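# the amino acid sequence is not available; the structure is as follows:
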Ligand SMILES: Cc1cc2nc3c(=O)[nH]c(=O)nc-3n(C[C@H](O)[C@H](O)[C@H](O)COP(=O)(O)OP(=O)(O)OC[C@H]3O[C@@H](n4cnc5c(N)ncnc54)[C@H](O)[C@@H]3O)c2cc1C
């Protein structure tokens, strides 16, 4: 119930404005957001890299409402890729199609995505571009754009959400392409017509899809799996599965979000696994922050107390 309320609130523009300008809300969000600027984010990248952790850098901003904002988002993404290369950081970039204007025009988003992928691929060595997956209404468009562009550049990967019923078929398509896949459980508000609601069903499909993406057929096709979760049960399963199947630790990686389960991130590195952290930065942090609260509603009490306190003062 709380999860659904928070996810519904994440789409409210008036709340975004109220919360984004609240100092205490920003202090709470800082746990999950590396800062407002690319310079602040690059400092976090350097610290994580020094601890043996790779990064996927995300300039926050989604559901833009004007083409100029989408153009600006693509320029931000390319600038991040350039700075990653200049600094020699071990990092790629993540991008959302709604930040590139897919809600305004699929052609606009396709053109801007092509610019980002081509620009990142032209760097030496190339900087990897991951397309985040958003709500279910966008999955088909995202997969189709990805498939069209993957033919032009292999320097890109996609995300699959295990809560969606359709994901088993989508995984087969990505295996045929030989694509890099980040497997997540899914963070958006979805109806029971398209997505599992029960954690046990989402987890069971998570394991089924990872099993398929780690199969010898998938690995032979060039699939590289990122197991993106903080769930100790999923992590234990993945470690055990890779060990019993004799899958080399360099053939997959674990991924987590900035500010969540740092203890597990460090432990996995110490055990010799590849680890990458998703590092978001920028001023448009409200929807991202709300999704993180929805995943763990215990965090909400602190935020509500802080915001109410500030309103009263
Ligand atoms: C690298 C990365 C990229 C992602 N990209 C996408 C994407 O493109 N599209 C998409 O839909 N989703 C994305 N997600 C989010 C994902 O779908 C889940 O919502 C999120 O990872 C929580 O699920 P979980 O697998 O950690 O398992 P859960 O079962 O939700 O949580 C397991 C445990 O992890 C810890 N935990 C989880 N979330 C939090 C939190 N917010 N705060 C504190 N502790 C927490 C808790 O200890 C919890 O018990 C991404 C996640 C990661 C790690």
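Structure's in. What do you need? This structure is a prediction, so every number in the text was calculated from the model and none was measured.

# pLDDT below threshold where in the protein?
For the chain, the stretches with pLDDT under 70 are 302-313.

# what does it put close to the ligand?
By Cβ under 6 Å from any ligand atom, the residues of the chain that approach the ligand are 132-133, 159, 161, 182, 184-188, 228-231, 255-257, 260-261, 278, 292, 295-296. For every residue, glycine as well, the C-beta is placed using N, CA and C.

# which PyMOL command selects the buried ones in the residues you listed?
Here is the PyMOL command that selects the buried residues among the residues of the chain next to the ligand (16 or more other Cβ atoms under 10 Å):
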select buried, resi 132+133+159+161+182+184+185+186+187+188+228+229+230+231+255+256+257+260+261+278+292+295
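
# next step: the residues of the chain next to the ligand restricted to helices.
Among these, the members falling in helices (DSSP state H) are 292, 295.

# would you list every one of the helices in the stretch 51-200 of the chain?
Secondary structure of the stretch 51-200 of the chain, counting by DSSP state H, counting those that start in this stretch: helices at 67-87, 106-121, 139-150, 167-177, 199-213.

# and the residue nearest the centre of the protein?
residue 132 (5.0 Å; Cα atoms, centre = their mean).

# so what's it closest to, chain neighbours aside?
Excluding the flanking residues, the one nearest residue 132 by Cβ to Cβ, 6 or more residues apart in numbering is residue 96, at 4.8 Å.

# OK, contacts around the one you found?
58, 61, 62, 131, 132, 134 (Cβ atoms under 8 Å, 6 or more residues apart in numbering).

# my read is that residue 54 contacts residue 278, right?
No - judged on Cβ atoms under 8 Å, residue 54 makes no contact with residue 278 at a distance of 10.4 Å.

# tell me the contacts of residue 291?
Contacts of residue 291 by Cβ under 8 Å, 6+ apart are 6, 7, 10, 187, 188.

# ok, now with 7 Å
Going by Cβ atoms under 7 Å, 6 or more residues apart in numbering, residue 291 touches 7, 10, 187.

# state the distance from the first one to residue 255.
Relative to residue 255, residue 7 is positioned 21 Å away (Cβ to Cβ, to the nearest Å).

# neighbour-wise, which one of the contacts of residue 96 leads?
residue 58 (26 neighbours; other Cβ atoms under 10 Å).

# buried residues in the helix or strand where residue 238 lies?
Here residue 238, judged by DSSP states H and E, is contained in helix 232-245. Buried residues in helix 232-245, counting neighbours by 16+ other Cβ under 10 Å, are found at 234, 235, 237, 238, 239, 241, 242.

# spatially nearest residue to the third one, not counting backbone neighbours?
Translated: residue 237. residue 207 (5.7 Å).

# what's the burial count for that neighbour?
The number of residues packed near residue 207 is 16, by other Cβ under 10 Å.

# again, but for residue 69
Residue 69 has 16 nearby residues by other Cβ under 10 Å.

# would you mind measuring from it to the ligand?
Per Cβ to the nearest ligand atom, to the nearest Å, residue 69 is found 20 Å from the ligand.

# also residue 14?
Distance from residue 14 to the ligand, by Cβ to the nearest ligand atom: 24 Å.

# repeat that for residue 191.
Residue 191 is 15 Å from the ligand, by Cβ to the nearest ligand atom.

# burial count for that residue?
Counted with other Cβ under 10 Å, residue 191 comes out at 8.

# show me what contacts it?
Neighbours of residue 191 in contact, by Cβ under 7 Å, 6+ apart: none.

# with the one 3 residues further on instead?
By Cβ under 7 Å, 6+ apart, the contact set of residue 194 is 136, 164, 165.

# list the beta-bridge partners for the second one.
For residue 164, the beta-bridge assignment (DSSP bridges) gives partners residue 195.

# so what's residue 238 up against?
210, 227 are the contacts of residue 238 under Cβ under 7 Å, 6+ apart.

# what do you get if the cut-off is 10 Å, keeping everything else the same?
When contacts are counted by Cβ atoms under 10 Å, 6 or more residues apart in numbering, residue 238 touches 183, 206-207, 210-211, 214, 225, 227, 229, 247, 252, 254, 273.

# neighbours around the closest residue to residue 41 other than its chain neighbours, how many?
Spatially, and ignoring its direct neighbours in sequence, residue 41 is nearest to residue 281 (3.7 Å; Cβ to Cβ, 6+ apart). Using other Cβ under 10 Å, residue 281 has 24 neighbouring residues.

# one step back: got TSV for the helices of the stretch 51-200 of the chain, with distance to residue 2 too?
TSV is the format used below for the helices of the stretch 51-200 of the chain (distance: least, Cβ to Cβ, whole Å):
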stretch	distance to residue 2
helix 67-87	31
helix 106-121	32
helix 139-150	25
helix 167-177	25
helix 199-213	14
